[in-house]
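**Student:** need a 3D model of the sequence below.
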Amino acid sequence: MATTQSQSSKSPLTKDGRASARPNDAVSDLMADHRTVEDLFKQYEKSKSDDAKKQSIAQQIIAELRVHMVLEEEIFYPESRPFVDEQDTVNEAEVEHASAKDLMKQIEAMSPSDDYYDAKVKVLSEMIDHHVEEEETEYFPEVRRSDMDLKAVGEKMRTRKAELKTRPN
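**Tutor:** Here you go, the predicted structure:
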């Protein structure tokens with residue numbers, strides 16, 4: 001197994017300390033998902049007065065997060081554990097997922113006209129921002145510096161993602 005570091009002379013980090021994006025690997029795919037969800041949260045913020053649009057965007061956010069979480073929980077986290085020095089990094093990510101899933105279920109059971117709907121979407125956004133920050137500044141750079149075969153894991157994740165996207169909820 002070739003080291004990820006030797007596959008590229010580029011630093012595994014960007015100037016702001018986040019993992020660098022490289023095409024066709026697990027980290028880049030997960031980071032692309034992060035950007036998609038961030039964009040959806042921004043769209044939600046702009047649709048404050050349109051309940052139908054808010055609900056549609058919230059449903060998109062939840063659908064994207066569900067697929068992303070399955071990929072991390074079924075593939076990325078188990079595959080990366082041997083390459084992470086602090087197992088608490090992975091454990092905390094899994095706990096953050098559980099909290100986000102709980103909030104997602106609450107949002108799905110509500111209507112945009114409910115008093116706490118916007119607040120719950122906002123808190124979900126903040127939870128996801130925190131989760132993304134930790135993954136991109138701590139977790140992902142560590143696996144990028146390791147011998148983990150990120151291309152092979154990315155292939156597994158893309159296959160699983162295609163299955164999840166074509167399967168009805």
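
**Student:** show me the shaky parts of this structure.
**Tutor:** 1-23, 168-169 (pLDDT under 70).

**Student:** mind listing the helices for it?
**Tutor:** 26-46, 51-71, 77-80, 87-108, 117-134, 140-144, 150-166 (DSSP state H).

**Student:** any chance of those in CSV with mean neighbour count as columns?
**Tutor:** All C-beta spots, glycine's among them, are computed from the backbone N, C-alpha and C. What follows is these, written out as CSV (neighbours: other CB atoms under 10 Å):
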stretch, mean neighbour count
helix 26-46, 18
helix 51-71, 18
helix 77-80, 18
helix 87-108, 15
helix 117-134, 16
helix 140-144, 23
helix 150-166, 15
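
**Student:** contacting residues for the nearest residue to Glu138 once chain neighbours are set aside?
**Tutor:** Closest residue to Glu138 apart from its sequence neighbours, by CB to CB, 6 or more residues apart in numbering: Thr89 at 6.3 Å. Taking CB atoms under 8 Å, 6 or more residues apart in numbering, we find Thr89 in contact with Glu134, Glu138, Tyr139, Glu142.

**Student:** quick one: contacts for the nearest residue to Ile57 once chain neighbours are set aside?
**Tutor:** Nearest residue to Ile57, sequence neighbours excluded (CB to CB, 6+ apart): Tyr44, at 4.6 Å. Residues in contact with Tyr44 (CB under 8 Å, 6+ apart) are Lys54, Ile57, Ala58, Ile61, Val121, Ser125.
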